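> Please work out how this folds:
(2 chains, ligands or ions: 1)
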Amino acid sequence: MQSTTQSLDTQCRSDFPVLERRVRDDKALVYLDNAATTQKPIQVIDAITDYYKNHNSNIHRAVHALAEESTEAFEVTRTKIAKFLNVEKSEEIIFVKGTTEAINLVANAWGRDNVQKGDIVVTTEYEHHSNIVPWQLLTQETGAELRYVDIDDNGELMLEQLDEHLATGKVKLVAVSHVSNVLGTITDIKKVIKKCKDAGAKVLVDGAQAVPHMKVDIANLDCDFYAFSAHKMLGPTGVGVLWARKELLENMKPYQGGGDMIREVHKQETTWNDLPYKFEAGTPNVADVICFAAAIDYLTKIGMDNVRNHEIELTKYALEKMSKVKGLIIYGPKDTQRQGGVISFNFKDVHPHDVATIIDKNGVAIRSGHHCAQVLMEKLDVAATNRASFYIYTTKQEVDVLIDSLEQVAKVFKL
Amino acid sequence: MSGDPIYTEMIIEYSRNPSNFGKIENPQIHRHDSNPLCGDSIDLYVNVDGTKITDVKFDGKGCAICMACTSVLTEMIQNKTLDEVKNFQKDELLAELGLEHLIKTSPVRIKCALLSLKALKYGIYSYFTEKMNDVKAAGNLKEEAASLY
Ligand SMILES: Cc1ncc(COP(=O)(O)O)c(C=O)c1O
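Numbering: from 1, shown residues only, chains lettered A, B, ... in the order given. Down below sits the predicted model:
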């Protein structure tokens, strides 16, 4: 793809069949809910059909031709993901069903053996529920303490608080988002990781909103655990990845018991299979893992720097126009260098669901609600926000439709 | 956006200046209810003299549809008897604001419109069963409330 002559959306839009949809009295669909899940290109849709039509079989077991093809394709995806994230050892890539399961795996298989009464686990005010609740469960069970790093008025982490927590010498793990799914804030992740390492704490990074939108180089990050979901980056639902350091994985107990994760099973004891299979009990989501490779190929071809630049341009354009809409309050950094393609906002005195209903009539799909981040909603002192989030196929014209719709809201509510 | 089927002048007006907004201390009927999806959350307070409603108020937070419908409901039941109110139907409430179409067009937003009616039906049910010890008078109010949406 030539990136200099044509904008990214023009190059790739025709690969996404659903973007042709018309909704609500024949309005063109304007899909701005990409932080929830992205649309899928035809290459991914074709890959899943091809798999079921031509290769379908269970993996890692039989020796027949289809089983060999499926096993090979499954493992090719693992290798592609490793390369995509600059991970040298592909056995450090564990397939799970999503970010949520990846974090729960760590909380159970690592947390229970490494976090004890008196220890501290640290998370932040802008986490998704999936990076809060597993730590509540763990700390309640073990008698450890759960502490938070708060955010400032720009929606950025107050790292002085992290320093204070780390200074206690009791912090075992810091669980933090790479990019906030509500505010779009990009965490200064290298700085956070460095602080944690210096204090001897492990770091889990929730990369659900980072890997889809920017270059992530795990070797360079130096964290301990990294989690993300395929469906937020052109891939299928039901597939996610946990990356973890080999030494940690080797010393962790399995998360679930069953087929594939064993070496030998006897009546009273079992020995574990090698990595990564020790953590992949049961028949995995073979078809979706295999078609996820098509999504990785697609993004690789575009180049993650181009993805990020496209989103910076759209976010800048949108922020500028939104700042002129009457009565609109925008949350977060409002600075494209420190923010992903996510903008959260409210109208003064207008409930977010009224906003979403009015603009849905123009075919504009945004999310309104608490975004699985009620701790953050409490901090912002709102019940909910509206959120527009962009991706590679989003156009400036679509942002214009959003802005026009927001102006309609201001008019209807006489702001 | 003239002619918007939901956000009419009347709804906007009610959402900005809700009727009977406030609290009754120690009311005879009090019911809190909320919609987890959108965060509508209201408290409905009713006082009765014998079986006649003498005062109704509500407070809480919600979207324009919820605020308008709750306002209208409180206006409609003022000074009515509990027996009259018991049989109050959702269509009557929706018609008052021209929102009958929501039943078909928006299974999501209908919950905002009917939250207060649900609270009212549950509230009267509890009043009859707990305070008056009159299960018969309560009839099938509870089932009706549960089946509103
Ligand atoms: C930052 C963040 N973390 C975690 C998740 C959970 O991802 P999943 O539902 O795919 O497990 C999401 C997605 O909603 C997210 O945005």
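
> Check the burial of residue 144 by counting its neighbours.
Answering for chain A, as no chain was given. By the measure other C-beta atoms under 10 Å in any protein chain shown, the count of residues near residue A:144 is 21. Backbone N, C-alpha and C define where each C-beta goes, glycine included.

> Can you look at chain B instead?
19.

> Leaving out sequence neighbours, find the closest residue to it.
residue B:121 (5.7 Å; C-beta to C-beta, 6 or more residues apart in numbering or on different chains).

> Could the C-alpha coordinates of the helix or strand harbouring that neighbour be exported in PDB?
Residue B:121 is part of helix B:110-126, with elements assigned from DSSP states H and E. C-alpha atoms of helix B:110-126 as PDB (Å, rounded to 0.1, in the frame of the first residue of the first chain):
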ATOM      1  CA  ILE B 110     -38.500   1.900  26.700                       C
ATOM      2  CA  LYS B 111     -36.800   1.000  30.000                       C
ATOM      3  CA  CYS B 112     -36.000   4.700  30.600                       C
ATOM      4  CA  ALA B 113     -39.600   5.600  29.900                       C
ATOM      5  CA  LEU B 114     -41.200   3.000  32.200                       C
ATOM      6  CA  LEU B 115     -38.800   3.000  35.200                       C
ATOM      7  CA  SER B 116     -41.000   5.200  37.300                       C
ATOM      8  CA  LEU B 117     -44.200   3.200  36.500                       C
ATOM      9  CA  LYS B 118     -42.300   0.100  37.600                       C
ATOM     10  CA  ALA B 119     -41.300   1.800  40.800                       C
ATOM     11  CA  LEU B 120     -44.800   2.900  41.400                       C
ATOM     12  CA  LYS B 121     -46.400  -0.500  40.900                       C
ATOM     13  CA  TYR B 122     -43.800  -2.200  43.200                       C
ATOM     14  CA  GLY B 123     -44.300   0.600  45.700                       C
ATOM     15  CA  ILE B 124     -48.000   0.200  45.900                       C
ATOM     16  CA  TYR B 125     -47.600  -3.600  46.100                       C
ATOM     17  CA  SER B 126     -45.400  -3.300  49.200                       C
END
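
> Could you tell me which residues of chain B lie near chain A?
With C-beta under 8 Å from any C-beta of the partner chain as the criterion, chain B comes near chain A at residues B:1, B:4, B:6-7, B:12, B:15-16, B:37-39, B:41, B:61-66, B:106, B:109, B:112.

> and with 7 Å instead?
Contact residues, chain B versus chain A (C-beta under 7 Å from any C-beta of the partner chain): B:1, B:4, B:6-7, B:12, B:38-39, B:61-64, B:109.

> all helices of chain B, in order?
In chain B, the segments counted as helices under DSSP state H are B:9-16, B:64-77, B:82-86, B:90-96, B:102-105, B:110-126, B:135-138, B:141-146.

> name the helices or strands packed onto the second one?
Just to be clear, that refers to helix B:64-77. If you count contacts as 3 or more C-beta pairs under 7 Å, 6 or more residues apart in numbering or on different chains; DSSP states H and E, helix B:64-77 packs onto helix B:9-16, strand B:52-61, helix B:90-96, helix B:110-126.

> just the longest one next, same as before
Identification of packing neighbours for helix B:110-126 by 3+ C-beta pairs under 7 Å, 6+ apart yields strand B:29-35, strand B:40-49, helix B:64-77, helix B:82-86, helix B:90-96, helix B:102-105, helix B:141-146.

> What helices and strands are in contact with the worst-scoring helix or strand of chain B on mean pLDDT?
The weakest-scoring helix or strand in chain B, judged by mean pLDDT, DSSP states H and E, is helix B:102-105 (a mean of 87). Where contact means 3+ C-beta pairs under 7 Å, 6+ apart, helix B:102-105 is packed against helix B:110-126.

> Report the inter-axis angle for the helix it packs on versus strand B:29-35.
On the basis of axes from the mean of the first three to the mean of the last three C-alpha atoms, to 10 degrees, helix B:110-126 is oriented at 150 degrees to strand B:29-35.

> ok, residues contacting helix B:110-126?
B:29-31, B:33, B:35, B:38, B:40, B:42, B:44, B:46, B:58, B:62-63, B:65-66, B:69-70, B:73, B:82, B:85-86, B:90, B:93-94, B:99, B:102-103, B:138, B:141-142, B:144-145, B:148-149 (C-beta atoms under 7 Å, 6 or more residues apart in numbering or on different chains).

> Just the buried ones from these, in ChimeraX syntax?
A single ChimeraX command suffices to select whichever of the contacts of helix B:110-126 are buried according to 16 or more other C-beta atoms under 10 Å in any protein chain shown:
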select /B:29,30,31,33,35,38,40,42,44,46,58,62,63,65,66,69,70,73,82,85,86,90,93,94,99,102,138,141,142,144,145,149
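
> Could I get the helices of chain B in JSON lines, plus columns for distance to the ligand?
Output for these, formatted as JSON lines (distance: least, C-beta to the nearest ligand atom, whole Å):
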{"stretch": "helix B:9-16", "distance to the ligand": "30"}
{"stretch": "helix B:64-77", "distance to the ligand": "26"}
{"stretch": "helix B:82-86", "distance to the ligand": "43"}
{"stretch": "helix B:90-96", "distance to the ligand": "34"}
{"stretch": "helix B:102-105", "distance to the ligand": "28"}
{"stretch": "helix B:110-126", "distance to the ligand": "23"}
{"stretch": "helix B:135-138", "distance to the ligand": "43"}
{"stretch": "helix B:141-146", "distance to the ligand": "31"}
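
> which of those has the lowest average pLDDT?
Ranked by mean pLDDT, the helices of chain B end with helix B:102-105 in last place, scoring a mean of 87.

> Off-centre distance for it?
How far helix B:102-105 lies from its chain's middle: 18 Å, per C-alpha atoms, centre = their mean, to the nearest Å.

> likewise stretch A:252-262?
Relative to the centre of its chain, stretch A:252-262 is centred 25 Å away, using C-alpha atoms, centre = their mean.

> cool, stretch A:384-394 as well?
The answer for stretch A:384-394 is 14 Å, by C-alpha atoms, centre = their mean.

> and stretch A:369-388, how far apart are its ends?
12 Å (C-alpha to C-alpha, to the nearest Å).

> Mind listing what's buried along it?
Buried-residue list, stretch A:369-388, by 16+ other C-beta under 10 Å: A:369-373, A:375-377, A:380, A:382-388.

> Residues contacting that stretch, please?
Residues from elsewhere that reach stretch A:369-388 (C-beta under 7 Å, 6+ apart): A:32, A:35, A:125-129, A:132, A:151, A:181-182, A:318, A:331, A:342-346, A:352, A:355-356, A:366-368, A:402, B:39, B:61.

> Could you give the number of residues near residue A:251?
Residue A:251, neighbours per other C-beta under 10 Å, totals 12.

> What pLDDT does the model give it?
Per-residue confidence (pLDDT) for residue A:251: 96.

> Equivalent analysis for residue B:2, please.
Confidence score, pLDDT, at residue B:2: 48.

> for residue A:47, same thing?
Confidence score, pLDDT, at residue A:47: 98.

> helix or strand for it, which one?
Using DSSP H and E, residue A:47 falls within helix A:42-50.

> And that helix, what's buried?
Applying 16+ other C-beta under 10 Å to helix A:42-50 flags A:43-45, A:47-48 as buried.

> which one among those residues gets closest to chain B?
residue A:45 (28.1 Å; C-beta to the nearest C-beta).

> where along the stretch 251-400 of chain A do the strands fall?
Listed in chain order, the strands of the stretch 251-400 of chain A (DSSP state E, counting those that start in this stretch) span A:262-265, A:270-272, A:328-330, A:342-347, A:364-365, A:367-369, A:385-389.
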